[in-house]
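A.B. asks: Okay, structure incoming, though there's no sequence with it:
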C-alpha cells in the first residue's frame, strides 16, 4: 500500500514538474541568439518575451537572403549582377528600400554619402578583390566620370545605371540588416529587443531588468584589442551606428590610407574627426549618416545634425592634439561619459 502510494506520488510529482516546466516556457524572459553574417561579422539578438520556435533559423535565413541580394562579395548576388549588366528587375524586397534611403541621404548630404563609389573603393584597395592600385590624379579624375548616385535610375520594379557604374552598399548594409532582423522580430510579436550586427544596433522597448538597453561606445583613441569604452548610452526605441577611420586602413609606401573615401573628390577623407556615432529611429539612416559624417568632418557634420534634427556623438582631435567631443542635446540625458574629455 505504501509502495503504491509512493509510486502514485512520484507520478504525480513528475506530471506537476512537467506542467510547471511547460508553463514557464510561456513566461517572459531574456533570450539570446547569435551567429555570423556578411563573411565574418558577428550578430547578436536579445529579446525579452516567450520562446519563438525556430527563430534562430529564421534570422539566419533572412540574413542569407539579404546577402544574396546586396553583397558585392557574392558573384551571383543581385547587386553583383547589376554591376555586371547595368540593369535588372528586382527579385527580392531588399533592393528598392536601400535605393530610396541612399537617395535621401545622398541628397541631404550634398553627395557626401554615395553608394556609386564602387570603382573608387576598389581602386583605393577596399573592395572585394583587395587590390592595392597605384592611384594618381589621372586615375581619380577618370573614375569620377563614373561616380554619382544621381545618375542611377530606378522605380519599384527595377534599376539601371550608366555603363561602367558600380554600386556598393557596404556603408549602409549593416544598419539595413539590423532593421531587417528587427522587423522580423516585430512580425513575431516581440516588442522588447536589441539587434546588433558588427556594432550597429537597434533597440526597442526595455531589457529584462525593465530598463532601457545599455550600449557602449568605443574609445577611438585606443587599439581594438583594448576595447575601452568612451561612453555608455541607454536607449529605448532608437538605433545607433558608429563610423570611424581610426582602425580600418592600410599602409603603403609609408602612407596611411583610411577606408573613408570622399565621393565628391575621389580621395580618402582627411580631417580631425575620429568617430561619429549617430542615433536615429532606424539603423539604416543612422549608418548612412555616420558614414557621411566621416566624409565631411566635424563642422559640416554639426550643420547636418542641426539641419535634419539628428542626434550624434562626435569624437575629434583639436588643433592642440586634445581629444574632445560634441554631444547633441537630445542624447545628453541618456549618456554617461566614461572618459574625461572636453566638449
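C.D. replies: Sure thing, it's come through. Given the structure is predicted, the values throughout are model-derived calculations rather than measurements.
A.B. asks: what about this structure, any weak spots by pLDDT?
C.D. replies: Along the chain, segments meeting pLDDT under 70 span 1-26, 126-134, 221-227, 245-259, 338-343.
A.B. asks: switch to 90 and redo it
C.D. replies: 1-28, 39, 118-137, 139-140, 216-231, 244-261, 267-275, 316-324, 336-343 (pLDDT under 90).
A.B. asks: Would you state the helices of it in chain order?
C.D. replies: 2-25, 55-70, 78-85, 95-108, 118-123, 137-143, 170-187, 283-296, 298-307 (DSSP state H).
A.B. asks: With mean neighbour count as extra columns, can I get those helices in TSV?
C.D. replies: Heads up, the C-betas are built off the backbone N, CA and C, glycines and all. Listed next are the helices of the chain as TSV, based on neighbours: other CB atoms under 10 Å:
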stretch	mean neighbour count
helix 2-25	9
helix 55-70	17
helix 78-85	18
helix 95-108	18
helix 118-123	22
helix 137-143	13
helix 170-187	22
helix 283-296	28
helix 298-307	16
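A.B. asks: now the ones you listed in CSV, with distance to residue 235?
C.D. replies: Conversion of the helices of the chain to CSV gives the following (distance: least, CB to CB, whole Å):
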stretch, distance to residue 235
helix 2-25, 29
helix 55-70, 21
helix 78-85, 30
helix 95-108, 21
helix 118-123, 31
helix 137-143, 39
helix 170-187, 13
helix 283-296, 11
helix 298-307, 17
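A.B. asks: Share the number of residues neighbouring residue 156, please.
C.D. replies: If you count neighbours by other CB atoms under 10 Å, residue 156 ends up with 8.
A.B. asks: What of the one 4 residues further on?
C.D. replies: Counted by other CB under 10 Å, the residues lying close to residue 160 total 16.
A.B. asks: Quick check: the residue nearest to it when sequence neighbours are not counted vs residue 155, distance?
C.D. replies: Counting by CB to CB, 6 or more residues apart in numbering, the nearest residue to residue 160 once its immediate chain neighbours are dropped is residue 87, at 3.6 Å. Distance, residue 87 to residue 155, using CB to CB, to the nearest Å: 12 Å.
A.B. asks: Would you tell me which of the helices of the chain gets closest to residue 271?
C.D. replies: Closest of those to residue 271 is helix 298-307, at 6.7 Å (criterion: CB to CB).
A.B. asks: what's residue 69 in contact with, if anything?
C.D. replies: By CB atoms under 8 Å, 6 or more residues apart in numbering, the residues touching residue 69 are 77, 78, 79, 91, 92, 94, 95.
A.B. asks: ok, so of those, who is nearest residue 33?
C.D. replies: Lowest distance from residue 33 to the contacts of residue 69 (CB to CB) belongs to residue 94, with 20.8 Å.
A.B. asks: measure the closest residue to the closest one other than its chain neighbours to residue 330 for me?
C.D. replies: Nearest residue to residue 94, sequence neighbours excluded (CB to CB, 6+ apart): residue 69, at 4.2 Å. Distance from residue 69 to residue 330, counting by CB to CB: 33 Å.
A.B. asks: Could you do residue 90 as well?
C.D. replies: Computed with CB to CB, the distance linking residue 90 and residue 330 is 36 Å.
A.B. asks: Okay, strands next: where are they in the stretch 201-343 of the chain?
C.D. replies: Counting by DSSP state E, counting those that start in this stretch, the segments of the stretch 201-343 of the chain that form strands are 213-218, 229-235, 239-244, 249-252, 255-258, 273-280, 311-317, 323-327, 335-337.
A.B. asks: In CSV: these, plus mean neighbour count and distance to residue 200.
C.D. replies: CSV is the format used below for the strands of the stretch 201-343 of the chain (neighbours: other CB atoms under 10 Å; distance: least, CB to CB, whole Å):
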stretch, mean neighbour count, distance to residue 200
strand 213-218, 19, 11
strand 229-235, 19, 13
strand 239-244, 25, 5
strand 249-252, 12, 20
strand 255-258, 14, 19
strand 273-280, 26, 10
strand 311-317, 22, 14
strand 323-327, 17, 19
strand 335-337, 15, 18
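A.B. asks: Thanks a lot, catch you later.
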